[in-house]
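Undergrad: Kindly return the folded structure for what I paste below:
(chains A and B)
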Amino acid sequence: MKKFIPLIVLALGALYLASTLRPASNDTGFDFASFGRLPVLKNGRIKPMDTVARTALLMTQGRQRVVTPEGRTITPVEWLLDTLFRPEIADTYKTFEVVHPDLLSLLGLTPEVGDGKKRFSIQQISPKLAELQRQAELAEPVDASVRTPFQKAVVALMQHVVYYQRIKYSLVPPDSTNFLTELTQFQAGLPAGVAAVRAQQAGQTFDQAAATMVLNMARRFDMMSSAGSLLAVPPDVGNTDPTAWRTSGEALLTTFQTGTINPNSLAYAGLAHAWRGQQTEQFNTILRLYTDQMRSRFAEPLVKSDAEVRFNQAAPFGTPSMSLYVLAFLLAVFSWLRWPQTLAKSAFYLLALAWVATTAGIATRMWLEGRPPVTNLYSSALFVGWGSVVLCLVLEAIYKNGVGSVSGGLIGFCTLLIAHHLSLTGDTLEMMRAVLDSNFWLATHVVVVTIGYSATYLAGFLALVYVFRGVFTRSLDKETADALTRMVYGIVCFATLFSLVGTILGGIWADQSWGRFWGWDPKENGALIIVIWNAVILHARWGGLVKQRGLMNLAIGGNIVTSWSWFGTNMLGVGLHSYGFMDSAFFWLSAFVVSQLAIIAVASLPLEKWRSFADNRHAATPQPLRPAPSAEPAK
Amino acid sequence: MREIWMQFVKFFVSLRLTVVLLVLSIILVFAATLDQVNLGIWAVQEKYFRTFFVLWDIGNVPVPVFPGGYFIGGLLLINLVASHIYRFKLTWKKSGIFLTHFGLIFLLVGELLTGLWQEDFQMRIAEGETKSYSESYLFNELAIIEATDPQWDDVVAIPEKQLARGDEIQHAKLPFRVVVRAYYPNAALQMIDPQVVPVRAAPQLATQGLGSQISVTPLAMTYKQNERNLPAAYIELLGPQGSLGTWMVSSMLTTPQSFEYLGRTFRLSMRFEREYKPYSLTLLDFSHDRYPGTEIPKNFSSRIQLKTPNGAEDREVLIYMNNPLRHDGMTFYQAAFEGETTTILQVVRNPSWLLPYVSCLLMTLGLTVQFCIHLFGFIAKRRSAPSAA
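TA: Here you go, the predicted model:
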């Protein structure tokens, strides 16, 4: 029976993963899925409405789920539909995260009136909107790196509010209750209206009502055109310029030249009408007709945008993979206490499963972007985790002692958590800045350096396992300790190879495109420090300067060095590489560094204080390392 | 005696020294990276890497507080070379290590030569404009141009450093001496408005040229990457018969100030230090795309006509991101742009550019060989282990 437990765990895990591929249940009758797949040009690429909705919600409130005031949970697409077509209702949804106490009191709000004590609706914010705007105008001229937390909070909230308001103007005017009728009346009255305006300008008698109607509409279109942010109207038939996508307002303004209303704008007005009236059938029919028409024109980009919707739903970097990593970690930890083989094997399977899910996710991102895996800080977090977990799977396949699964589960989970927080700043499938636009170097330098990060972290986490098991448990026997030492040594060698080669490749890229091999730029220095640190570990070991415990402490130091290089350098905000600027993560970086220093301090306790060694000092006192194959001959 | 010598040798070939030096280099690089926020990338290289000691001003006295790049790098080099001579034997098992370290020697030497030889300039060309010189973006010079003959300009360029020292300059080509009355490493200029009394302006010394209508306000030096210092100075010219007057010069004034002396015409200007080239670049077209609906630059490129006066070279080249022009030992790369029609090219001369490539090749090869030797050894050991047990 015990033999089958790992297989059962594997099957359950696989079932769980498969269940995330199922589309979300929808009993409203509205075809949300099709609406979510409609293409929009935003941030330089064509993306589905679904992504627009999710990105906006992640930015403004840090999560994708929306709860209506009645307590009903709605999907991001439903939220977007309300924002676009029934803004007076969307305005009541609590989707703006405000936590800074001074900002709350500025807005006259208390945590109690917010959803989860931190999310508020635009309706709650708007009475103090003018004051918020004034504060934002005061804070914006201050350089981003020296803003106070209050100023940062003000600027962020203002940006979120503007972001939300601009979405509202994208398809129909937010103040209109029946834009479809207005448009049809406008079309019918256009010739008379234009004639009236001309007559007025010529100083002749004119039809006041007709002229007012036309001028009124022109003003509204103009407002939509300048305020709207989603470029949802595709180029006219025959126009092959991929950048000619427009906002609905811009397309409507051309009515004055063409005399006919842009059919796309009209379709969206129709959708707005159906959604406001909550007429399921009408909504689905318009959507079907519109979608068919789009599909015939944009077959290829729509394949990608469909895949993106599926990808969004499956969330391969979200809860499913995270929980599998955590489970793998827990099972492997318990394997050190009970049923070592069964639990270790189950943990290994779950780790592998989570890894397969993230691999599929990374592959999908690569296909969507047409880029190598690492293009920004977010994707580097994904890839660091991915690379570490590969190494862990290899270690676990060789040693079968749970160590690989524990480290893999922990690193996998942590990197996904970091990635989640990095995704809160906007769409993660960003366009590449011109300076980085080279697939060859992204695929070589960036990937290799990132694997170097992975390996250095892994060595550090293996060392953490050594210290925790040694100091706090009795489970670190000599065999395990030696195995861990070999693992750390091997991984450090691997890390040295990859970080060195990656750094040098970066130098060659710099020479190829900037004419200098090395510029002492912060990111370059960070990579260099990782290389040197790994070299220190290897030389210290070869020279016999450190033994088992020293090796572990140095490897934990690698965690600090790598974190600084990965995130710390971006916080400086100087240099050619500062593409991933961020300022809020500073606290977490410092906390991590302090924690690692604390662990090094713990590990430096006398060995008799280590539980594993205290009880059985005789057998388990770490032996001096046998000289490594490449060590110097003793003189 | 021999004992002392052996101790000396042992010190220089010891792994302990290697580790200590590596740790010191980590600290150095880390400190230098943090200091970039204050000093900017260029000053940091001078202060931390291209020096034997990092100096801190305590009071007004520079005190060495930490070994600098040349010190650590030099010792590492000695350590590396010495231990190879002293103890490495070329065996297959160590061939990878040997190659890696050999590559490292190349890298260190290359970086030293780069530090000594590399020069950076900028070239700012508007569409349709032709330039045959690049400009330093760190240094300025005082140019005194004799333009008596309309066919020729005879230029005497005095580096900013000399102005800063307040040297009195006498040059065979000039019929007068140049005396620096005041020098400000970074200053803003303002037209003098009789209604307004300038608050922090420097004392007015100018008696000639534009300077008498302009007030000079000294500013703190800037080290930001996207800003540069614009120095200003009051220069008095002294002929054998006495003073010609005092001029104000500044890099902010783009047009030179002219004057006549003994029937000869001179132009005076403070400008970015120039390097003239035996060829010229004409910007035919600058283009620049953004991703649709965003402000993110997608690409920028400069179409350039490269021409030598003797006509040996006259061709069109396209410079864009990740695709620089290499010509005459210089690399011209697309660095930035201004408005829609002015390109900014970075111009780098680095005669030792090939060394890092050699070292990369050696190190990568060495590490791969060593890693494979270990890996195969490990696999072989694990294969044989179960049968042995």
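
Undergrad: Spell out which parts of the stretch 201-350 of chain B neighbour chain A.
TA: Residues of the stretch 201-350 of chain B lying near chain A by CB under 8 Å from any CB of the partner chain: B:225, B:290-294, B:296-300, B:321-324, B:326, B:330-333, B:335, B:346-348, B:350. Where C-beta positions appear, they are placed from N, C-alpha and C, glycine not excepted.

Undergrad: can you do 10 Å?
TA: Neighbours of chain A within the stretch 201-350 of chain B, by CB under 10 Å from any CB of the partner chain: B:223-226, B:288-301, B:320-326, B:330-336, B:346-350.

Undergrad: Now, those that are in helices?
TA: Secondary structure assignment by DSSP state H places none of those in helices.

Undergrad: Show the buried residues in these.
TA: Buried members of those, counted by 16 or more other CB atoms under 10 Å in any protein chain shown: B:223, B:288, B:290-293, B:296-301, B:320-322, B:324-325, B:330-335, B:346-350.

Undergrad: so of these, which ones are in strands?
TA: If you go by DSSP state E, those have B:288, B:290, B:297-301, B:320, B:325, B:330-335, B:346-349 in strands.

Undergrad: where exactly do the helices run in the stretch 451-600 of chain A?
TA: Listed in chain order, the helices of the stretch 451-600 of chain A (DSSP state H, counting those that start in this stretch) span A:478-514, A:522-542, A:548-563, A:569-572, A:586-603.

Undergrad: likewise chain B?
TA: According to DSSP H, the helices that chain B contains are B:2-13, B:15-44, B:69-87, B:95-117, B:160-165, B:354-388.

Undergrad: quick one: the longest one to helix B:95-117, angle?
TA: So the one you mean is helix B:354-388. Compare the direction of helix B:354-388 with that of helix B:95-117 by axes from the mean of the first three to the mean of the last three CA atoms, to 10 degrees and you get 160 degrees.

Undergrad: For helix B:354-388, buried residues please.
TA: Applying 16+ other CB under 10 Å to helix B:354-388 flags B:355-357, B:359-360, B:362-367, B:369-371, B:373-374 as buried.

Undergrad: Which entries in the residues you listed are shared with the contacts of chain A?
TA: Answer for these near chain A (CB under 10 Å from any CB): B:355-357, B:359-360, B:363-364, B:366-367, B:370-371, B:373-374.

Undergrad: okay, A:Phe96: pLDDT?
TA: pLDDT, A:Phe96: 93.

Undergrad: Residue 344: what's it in contact with?
TA: Using chain A here. Residues in contact with A:Ala344 (CB atoms under 10 Å, 6 or more residues apart in numbering or on different chains) are A:6, A:331-332, A:334-336, A:396, A:399-406.

Undergrad: wrong one, I was asking about chain B
TA: B:122-125, B:137, B:286, B:300, B:302, B:334-338.

Undergrad: so A:Arg297 makes contact with A:Thr291?
TA: No - assessed by CB atoms under 10 Å, A:Arg297 is found out of contact with A:Thr291, at 11.0 Å.

Undergrad: Mind checking which of the two has more residues around it?
TA: A:Thr291 (18 against 11; other CB atoms under 10 Å in any protein chain shown).

Undergrad: what's the spacing between the more buried one and A:Ala24?
TA: Distance, A:Thr291 to A:Ala24, by CB to CB, to the nearest Å: 19 Å.

Undergrad: For chain B, which residues score under the pLDDT cut-off?
TA: Applying pLDDT under 70 to chain B picks out residues B:88-90, B:197-198, B:224-226, B:293, B:385-389.

Undergrad: Determine which residue lies closest to the centroid of it.
TA: Centroid-nearest residue in chain B, with CA atoms, centre = their mean: B:Asp120, separated by 4.6 Å.

Undergrad: How about that residue, nearest residue that isn't a chain neighbour?
TA: Spatial nearest neighbour of B:Asp120, excluding adjacent residues (CB to CB, 6 or more residues apart in numbering or on different chains): B:Val348 at 5.4 Å.

Undergrad: got the contact list for that neighbour?
TA: Contacts of B:Val348 (CB under 10 Å, 6+ apart): A:511, A:514-516, A:519, B:118-121, B:134, B:324, B:326, B:329-333, B:335.

Undergrad: A:Leu422 too?
TA: A:376-382, A:428, A:567, A:580, A:582, A:585.

Undergrad: what helix or strand is it on?
TA: Element membership for A:Leu422, per DSSP states H and E: helix A:403-422.

Undergrad: Arrange the helices of the stretch 451-600 of chain A in TSV, one row each, with distance to chain B and mean neighbour count as further columns.
TA: Below are those laid out as TSV (distance: least, CB to the nearest CB, whole Å; neighbours: other CB atoms under 10 Å in any protein chain shown):
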stretch	distance to chain B	mean neighbour count
helix A:478-514	4	22
helix A:522-542	4	24
helix A:548-563	8	23
helix A:569-572	6	21
helix A:586-603	12	14
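
Undergrad: I'd like those helices as TSV, with mean pLDDT appended.
TA: Shown next, in TSV, are those (pLDDT from 0 to 100):
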stretch	mean pLDDT
helix A:478-514	88
helix A:522-542	92
helix A:548-563	94
helix A:569-572	74
helix A:586-603	90
